[in-house]
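Asker: A predicted structure for the sequence below; I have some questions about it.
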Amino acid sequence: MEDAAAEGKGVVLLQGRYELGRVLGHGNFGRVHAARDVRTGRAVAMKVVSKDKVERAGMAEQIKREIAVMKMVSHPNIVELHEVMATRSKVYLALELVRGGELFDRITRHGRVGEDVARRYFRQLVFAVDFCHGRGVYHRDLKPENLLLDEAGNLKVADFGLSALACHARPDGLLHTACGTPAYVAPEVLAGSGYDGAKADLWSCGVILYVLLAGALPFQHENLMCMYRKMQRGDFCCPVWMTTDAQKLIKMLLDPNPGTRITVPGLVETPWFRKTPPVPRPITGPAPAPVDTLGNAGDDKDEPPEVLNAFHLISLSEGFDLSPLFEQDPAASPGRATTRAGGMRFATREPASGVVARLEALATGGAMRVTKSGARGVRLECAEPGRNGRLAVAADIFSVAPSLIVVDVKKDSGDTMEYRSFCSEELQPALKDIVWSPAAT
């Protein structure tokens, strides 16, 4: 029996903390078990790695790197590392248990997916990958087998065993280790002259998007050298059922020249990425009245809300709706990118002054500056510049009925990815308890 495990009543306990269950899968250096944290009852996936096998394969540093990387990348679309334990002969990684299986299995069973589903998966993949790149982490083995789906259908990036850190680059600023899965690896990785880890990951994202929409690989040949030459030429065809916008994006991602390959800031502004699913046409009604952000929404706040006047807005945003993050700003000039694209909208029974107080508290805690935005809103601006200048967020507050208001949050300046992260990781948790939705009434 392993020196850190105890057996009793047919149950294997690891260090008295985890109850090991059935085997979920096998890897090169061990197995993955279903397990349960006996302290909290939380289900986890326990990756058991044999030290002896790792050392014989000369992979000890790689395992250490994988653990270090996973501690750095805590994100909703990345499999979480809960805990690491070790004994004389084994290393145990308690990972988030993702029950939906691999994206690869989903495609194998059901074939290609529709564009709305592909867009959802692809957005989550890009957000996770960009989060890693912002922390100097490059995955280097992105493929459907390493993308898991949870019970809600959300994508989770897994297996950082081949990942690299920015500090691993040579003096030329490039990575030089050729690794990854041939069908998904960027051509410059195999060329041997060095490569940018972020651009190589985006190539892999392009292959994954193609697989989602086509149900097949873009570059196929029984001879690997022939396949590699096709990749170098960008020699692939999109099936006729792909929309023009999808084809354009894939061609920008599968650009064999890393110097001209699209980057994440450009990717998130493409029409295909920004497109939102159709929403029901709202009920025609009067425009919402502006609210004085220093006071309450009118004198009759104790009256019940006029449901029909509110629902034409609420139907577009039940609870927290992050889909407007990808909408085109109607005020933007045609053909011109706008810094105010996208947003988040929610309804609340909190008075306007209460919402403003929440935003001011959030800004104070996050070292942001608060200013008034017109007659009906506030503006939060980061003190420090980000990847694309200082992030600024504008929150407009409207009265749609007595005692019911709608808050419309949009990016005013700065980086789109930083804005999205701010909404999901800071703004949403800070305001979650005041959100109102018609389903709750």
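Answerer: Received the coordinates, thanks.

Asker: the closest residue to H75 other than its chain neighbours: neighbour count?
Answerer: Among residues not flanking H75 along the chain, F131 sits closest, at 4.7 Å (Cβ to Cβ, 6 or more residues apart in numbering). The way it works is simple: take the backbone N, C-alpha and C, and place the C-beta from them, glycine included. The burial count assigned to F131 is 20, neighbours taken as other Cβ atoms under 10 Å.

Asker: got a list of what F131 touches?
Answerer: Taking Cβ atoms under 8 Å, 6 or more residues apart in numbering as the contact definition, F131 lies against V73, H75, N77, I78, M417, S421.

Asker: confirm that V356 sits in a strand.
Answerer: No. Remark: V356 does not belong to a strand; assigned using DSSP: H, G, I helix; E, B strand; the rest coil, it is helix.

Asker: would you put the C-alpha positions of the longest helix along the chain in CSV?
Answerer: With DSSP state H setting the assignment, residue counts place helix 115-134 as the longest helix in the chain. The C-alpha trace of helix 115-134 is given here as CSV (Å, rounded to 0.1, in the frame of the first residue of the first chain):
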residue,chain,number,x,y,z
GLU,A,115,-21.7,28.0,-35.8
ASP,A,116,-23.4,29.3,-32.6
VAL,A,117,-22.1,26.3,-30.6
ALA,A,118,-18.7,26.6,-32.2
ARG,A,119,-18.6,30.3,-31.5
ARG,A,120,-19.4,29.6,-27.8
TYR,A,121,-16.6,27.0,-27.5
PHE,A,122,-14.2,29.1,-29.5
ARG,A,123,-14.7,32.3,-27.4
GLN,A,124,-14.1,30.4,-24.2
LEU,A,125,-11.0,28.8,-25.7
VAL,A,126,-9.6,32.2,-26.8
PHE,A,127,-10.4,33.9,-23.4
ALA,A,128,-8.5,31.1,-21.6
VAL,A,129,-5.6,31.1,-24.0
ASP,A,130,-5.3,34.9,-23.9
PHE,A,131,-5.4,34.8,-20.1
CYS,A,132,-2.4,32.3,-20.2
HIS,A,133,-0.5,34.5,-22.6
GLY,A,134,-1.0,37.5,-20.4
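
Asker: flag every buried residue along it.
Answerer: Of all the residues in helix 115-134, those buried under the rule 16 or more other Cβ atoms under 10 Å are 115, 118-134.

Asker: and stretch 166-179, by the same measure?
Answerer: A169, L175.

Asker: contacts only, for V44.
Answerer: Y18, A35, R36, D37, H82, A94, L95, E96, L97.

Asker: and the helices in the protein?
Answerer: Using DSSP H, helices in the chain cover 51-56, 60-72, 103-110, 115-134, 187-191, 197-214, 224-233, 244-253, 264-267, 271-274, 307-314, 352-365, 416-422, 428-431.

Asker: could you find the closest non-adjacent residue to R358?
Answerer: With Cβ to Cβ, 6+ apart as the criterion, R358 has its nearest non-adjacent residue at 5.9 Å, and that residue is L431.

Asker: can you get me a residue count around that neighbour?
Answerer: Counted with other Cβ under 10 Å, the burial measure for L431 works out to 21 neighbours.

Asker: from the contacts of F131, list the buried ones, please.
Answerer: Neighbour-count burial (16+ other Cβ under 10 Å) applied to the contacts of F131 gives V73, H75, N77, I78, M417, S421.

Asker: how about the fifth one, nearest residue that isn't a chain neighbour?
Answerer: Of all residues not flanking M417 in the chain, D130 sits nearest, at 5.1 Å (Cβ to Cβ, 6+ apart).

Asker: quick one, grab the pLDDT at the one you found.
Answerer: Among the per-residue scores, D130 shows a pLDDT of 95.

Asker: how close does it sit to N77?
Answerer: Computed with Cβ to Cβ, to the nearest Å, the distance linking D130 and N77 is 10 Å.

Asker: just checking, A186 touches P258?
Answerer: Yes. Between A186 and P258 there is a contact under Cβ atoms under 8 Å: 7.0 Å.

Asker: any shared contact partners between the two?
Answerer: Taking Cβ under 8 Å, 6+ apart as the contact rule, the neighbours common to A186 and P258 are Y195, K199, A200, W203.

Asker: what sits against the second one?
Answerer: Translated: K199. With contacts taken as Cβ under 8 Å, 6+ apart, K199 has the following neighbours: A186, E188, P258, R261, T263.

Asker: try it again with 10 Å
Answerer: Residues touching K199, when contacts are defined by Cβ atoms under 10 Å, 6 or more residues apart in numbering, comprise 133, 138, 186, 188-189, 253, 255, 257-259, 261-263.

Asker: of those residues, buried ones?
Answerer: Among the contacts of K199, those that count as buried by neighbour count (16+ other Cβ under 10 Å) are H133, Y138, A186, E188, V189, L253, D255, P258, R261, I262.

Asker: check what pLDDT the nearest residue to the second one once chain neighbours are set aside gets.
Answerer: So that's Y138. The shortest distance from Y138 to any residue other than its chain neighbours is 2.9 Å, reached at G197 (Cβ to Cβ, 6+ apart). pLDDT, G197: 95.

Asker: residues near L254, how many?
Answerer: Residue crowding around L254 was assessed by other Cβ under 10 Å; the count is 25.

Asker: now the residue lying closest to it once chain neighbours are set aside: how far from D141?
Answerer: With Cβ to Cβ, 6+ apart as the measure, G206 is the residue that lies nearest to L254, at 4.5 Å, once sequence neighbours are left out. Look at G206 and D141: by Cβ to Cβ, they are 15 Å apart.

Asker: walking through the stretch 301-441 of the chain, point out its strands one by one.
Answerer: Using DSSP state E, counting those that start in this stretch, the strands found in the stretch 301-441 of the chain span residues 343-348, 368-372, 377-382, 392-401, 404-413, 435-436.

Asker: how far is stretch 128-140 from where the chain is centred?
Answerer: Its chain's C-alpha centre and that of stretch 128-140 lie 11 Å apart, by Cα atoms, centre = their mean, to the nearest Å.

Asker: for K230, find the nearest of the strands of the stretch 301-441 of the chain.
Answerer: For the strands of the stretch 301-441 of the chain, proximity to K230 was assessed by Cβ to Cβ; strand 404-413 is nearest, at 39.4 Å.
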